[in-house]
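Undergrad: Here you go, sequence then predicted model.
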Amino acid sequence: MTTLALFPAPPLTAESTDHQNTPRDLALELGRFDLDPCSNPRSHILADRSYCLERGENGLALPWAGSVWCNGPYSEPLPWCERLRAHREPWAALWKLDTTTEWFAVLTRSGAFWAPFRKRLRFERAGNVGSADFSSVLFWRDWTPSDAVLARLWAPRREA
């Protein structure tokens, strides 16, 4: 069977969302963290320590200590969200906004604040041009966003 598409789109792959960097301007507004467990050699996140798959490091399996920034793989967010929920120190995380998922419920039940971004983010990766084709959300617990970050967000919420 042949399918005819008038406007064919490239297939959505893990590569399309798992290898995008937090935008530089947002990274600077976030401030410094103790750990970025989902880093890469092109990251703009200010962190005292980072884990990178490119160095053979699995940030999900290695120890987390101090404040954590997580812009984890969008193809499989649940294990990262469970790890964030269990982390007892300050953290913040950037995810694709999808309120219908189990991982979203895990984070909202963790006592975290969350807020969608007012505008779509412009993620960075080789060959990526323009804003994301999805909305993003920032989650955080025991961490205080800067005024610049808060200005990018709709009203923060926390589930009761």
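TA: Noted; the coordinates are in hand.

Undergrad: which residues does residue 119 contact?
TA: Contacts here follow CB atoms under 8 Å, 6 or more residues apart in numbering; on that basis residue 119 touches 131, 152. For the C-beta atoms, the positions are set from N, CA and C on the backbone; glycine is no exception.

Undergrad: The lengthiest helix in the chain - what's its average pLDDT?
TA: Assignment by DSSP state H gives helix 78-86 as the longest helix of the chain. Helix 78-86 shows a mean pLDDT of 98.

Undergrad: just checking, what packs against that helix?
TA: Packing partners of helix 78-86 (3 or more CB pairs under 8 Å, 6 or more residues apart in numbering; DSSP states H and E): strand 68-70, strand 91-96, helix 102-108.

Undergrad: Deepest-packed of those, please.
TA: For the helices and strands packed on helix 78-86, the largest average neighbour count (mean count of other CB atoms under 10 Å) is found in strand 68-70, namely a mean of 26.

Undergrad: Contacts made by the longest helix of the chain with the rest, please.
TA: The set of residues external to helix 78-86 that reach it, using CB under 8 Å, 6+ apart, is 38, 60, 64, 68, 70, 72-73, 91, 93, 95, 101-104, 106-107, 109-110, 112, 139, 141.

Undergrad: What is the distance between it and the centre of its chain?
TA: Put simply, helix 78-86 sits 12 Å off its chain's centre (CA atoms, centre = their mean, to the nearest Å).

Undergrad: Show me what secondary structure element comes after the helix or strand bottoming out on mean pLDDT in the chain.
TA: The helix or strand of the chain with the poorest confidence is helix 14-18; it has a mean of 50 (mean pLDDT, DSSP states H and E). Downstream of helix 14-18, the next assigned helix or strand under DSSP states H and E is helix 24-30.
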